[in-house]
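> Need the 3D shape of this:
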Amino acid sequence: AEICYEQLELGVSKAEVTALRDNLLRQCHGRPAPLFPKPTLQPTPPPAKEASAKKEEEIPSGKALDVKYDKASKGDQEAAQAALLAAMTVAPVVPAATVPEVAPEPEPVATEAAPAEPEETTPATKSRKKKWLGNGRIEGRAAHLPNASINGTYYVKEKTMLFHGRPCWEKPSANLEERRVIFFSNPLLQWKISDRFDDQADVYAFANARDLDDKSAPTGASLKWCVFDGKEHIFDPEVRFVELEDEEEPEKKRKKAAEPAKEEGTP
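Sure, this is the predicted structure:
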């Protein structure tokens, strides 16, 4: 701005001062300035002695600088003020926005999978009764009560002998009237004691089946045996079916006893 004022004081025209201002602004922004000829300074002719003496008398001392400003035209002063404002409001150079560097993701490293630990196997809890296909005995019916003949040892039939897909037992006797059998009646869902394997045969005693999927022997306190007393079937809490695993059928015992004893040392 001071340079512009000095140029105006020296009598440089407004156009040349404006060009000088633009050149200075370009240099401030780091741009190359265009080449142009230096302004030619024209010396001003000295004022007449009479006029200068008259003006010095009219203008008090200390106002010489204002006289120089008055010599400049009003348009030159406006140009100088505009140049000053432009120099003071130079736009700052804004640096380019820096983009943050993104670190590359590390490549996954192949690792061997740890061997799976073997699962602990625990035996399944058995909620049903253990199957038992051995011999058994009906006991508990008092001898003085009707149908006490149900008491006795019952031998399990061969595996090929099934009734309604379940094992059955027989109490053998030479007298057919005393023969008793135990079997499962599928239509009525109950265990029966009768004189033959037939759903239509007379029933001397029965017990309702509680677990239809349990195909083991009819043992346990959960079975309630009802015995026929001549009029109706009445529950008898003393009657039960018990296991006899070591008991052998009498017919097989007789066959073994009839076999001749083998002599020692003979094939």
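
> what are the ranges of the strands in the stretch 151-267 of the chain?
All strands of the stretch 151-267 of the chain, identified by DSSP state E, counting those that start in this stretch, fall at 152-156, 162-163, 166-167, 169-171, 180-185, 190-194, 205-208, 225-228, 233-235, 240-244.

> pLDDT of the last one, averaged?
In other words, strand 240-244. The predicted model gives strand 240-244 an average pLDDT of 89.

> before we move on, back to that, where among the strands of the stretch 151-267 of the chain is average confidence lowest?
It's strand 162-163: among those, that one has the lowest mean pLDDT, namely a mean of 74.

> can you list the domain ranges for the chain.
2-45+57-88, 135-248 (automatic domain parsing).

> As a check, name the ranges of all helices in this structure.
For the chain, the helices defined by DSSP state H occupy 2-9, 14-28, 49-58, 64-71, 74-88, 250-258.

> between the ones you listed, which has the poorest average model confidence?
Among the helices of the chain, helix 64-71 carries the lowest mean pLDDT (a mean of 49).

> Quick one: neighbours of the closest residue to residue 218 other than its chain neighbours, just the number.
Distances taken as Cβ to Cβ, 6 or more residues apart in numbering place residue 191 nearest to residue 218, at 4.4 Å, with adjacent residues excluded. C-beta: built from backbone N, CA, C; applies to glycine. Counted with other Cβ atoms under 10 Å, residues neighbouring residue 191 total 21.

> got a list of what residue 148 touches?
Going by Cβ atoms under 8 Å, 6 or more residues apart in numbering, residue 148 touches 141-142.

> no wait, residue 236
So residue 236 contacts 140-141, 145, 205, 225-227 (Cβ under 8 Å, 6+ apart).
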